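Participant: I would like to see how this sequence folds:
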Amino acid sequence: MNKPKLVFCDIDGTLIPYGYGGLPEETYSVVRALRERGIGFVLNSGRQYHSMRVLFSEMPDEIYYIGENGGVVYNCGPEEPTPILRYKEIDRALALGIARSIEAIDGSYCVANDIYTSYCLRSSTELISVLRDGLSNKLDLIDDWDEIRGPIASMAAYCPHNLEDAESVLHPMWGDKIHMACAGPTWWDFNNANKGDGLIALCEALGVDTADTVAFGDNWNDVPMLEAAGTGYIMSTSSAELRALFPNCDNVLEKLKEYL
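Facilitator: Numbering: from 1, shown residues only. Prediction:
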């Protein structure tokens with residue numbers, strides 16, 4: 001098996017199960033062993049940069065990050081000053097329109113993300129708990145979407161009770177204006193970038209051929225990353241439709257040990 005130069009890995013549903021807070025016990029030892037062999041490790045997720053660093057708390061400065069589903073690409077290094085290599089923002093008027101349409105759906109909540117912070121309405125108590133307690137996001141509570149200060153890198157609809165119903169409303173409104181993808185059992189993501197764009201941008205910044213990369217994902221928002229990588233693996237827990245598109249993987253860490 002050819003040794004890659006970079007490994008790109010989704011988090012939720014791939015590296016860890018949905019709803020599970022911590023990393024598998026072996027994660028750090030495997031990633032350190034990869035680094036010793038010249039293989040860089042990249043978290044490529046819809047999560048916020050700070051959330052990913054908290055998750056990878058034993059060695060947060062030693063890996064690369066692509067956050068907001070490809071919207072922001074970060075170099076290795078300390079969190080501040082943030083080592084941003086590239087970001088791609090959403091037109092502000094478009095973003096605020098999406099936010100208001102999400103909030104108009106009963107049981108759905110919106111989160112908007114700039115390159116540092118997540119924003120949600122102060123009234124979105126169910127979403128606030130997920131973002132703050134479940135994901136450890138840096139979070140700014142607002143009363144109106146006009147209060148967002150920074151460039152908007154991604155949007156997401158949190159639909160814990162009505163994922164398909166929300167799609168039936170949101171996709172006809174926004175599907176031809178922005179990239180919209182399912183990101184798990186309760187999320188729809190909206191981006192001008194995708195995880196494949198992030199993979200390509202990081203490879204360009206580091207002088208790595210995309211053919212020398214391996215990627216792991218589990219859902220539709222991972223497809224551009226798996227297509228852009230030299231080899232893309234879909235988790236065996238994914239839908240049958242996705243499993244038919246890519247080689248299947250039962251366990252990311254066990255697959256990575258094959259490169260050691």
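
Participant: can you map out the helices along the stretch 51-200 of the chain?
Facilitator: 92-103, 125-129, 163-174, 195-206 (DSSP state H, counting those that start in this stretch).

Participant: list the strands paired with the helix or strand of the chain with the lowest mean pLDDT, with their directions.
Facilitator: Ranked by mean pLDDT, DSSP states H and E, the helix or strand of the chain with the weakest confidence is strand 179-182, at a mean of 91. Note on strand 179-182: by DSSP bridges, its sheet partners are strand 187-191 (antiparallel).

Participant: can you check what angle separates the strand it pairs with from helix 92-103?
Facilitator: 170 degrees (axes from the mean of the first three to the mean of the last three CA atoms, to 10 degrees).

Participant: what average pLDDT does stretch 90-109 get?
Facilitator: For stretch 90-109, mean pLDDT rounds to 96.

Participant: winner for burial among the helices of the stretch 51-200 of the chain?
Facilitator: Highest mean neighbour count of those: helix 195-206, a mean of 22 (counted as mean count of other CB atoms under 10 Å). Where C-beta positions appear, they are placed from N, C-alpha and C, glycine not excepted.

Participant: and it, how far out from the chain middle?
Facilitator: Offset of helix 195-206 from its chain centre (CA atoms, centre = their mean, to the nearest Å): 14 Å.

Participant: dump it to CSV, keeping only the CA atoms.
Facilitator: Extracted in CSV, the C-alpha atoms of helix 195-206 (Å, rounded to 0.1, in the frame of the first residue of the first chain):
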residue,chain,number,x,y,z
LYS,A,195,-14.6,19.6,2.0
GLY,A,196,-13.0,18.9,-1.3
ASP,A,197,-12.1,22.5,-1.8
GLY,A,198,-10.5,22.5,1.6
LEU,A,199,-8.5,19.4,0.8
ILE,A,200,-7.2,20.9,-2.4
ALA,A,201,-6.4,24.3,-0.8
LEU,A,202,-4.4,22.7,2.0
CYS,A,203,-2.5,20.5,-0.5
GLU,A,204,-1.7,23.5,-2.6
ALA,A,205,-0.4,25.5,0.5
LEU,A,206,1.8,22.6,1.6
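
Participant: good, we can wrap up now.
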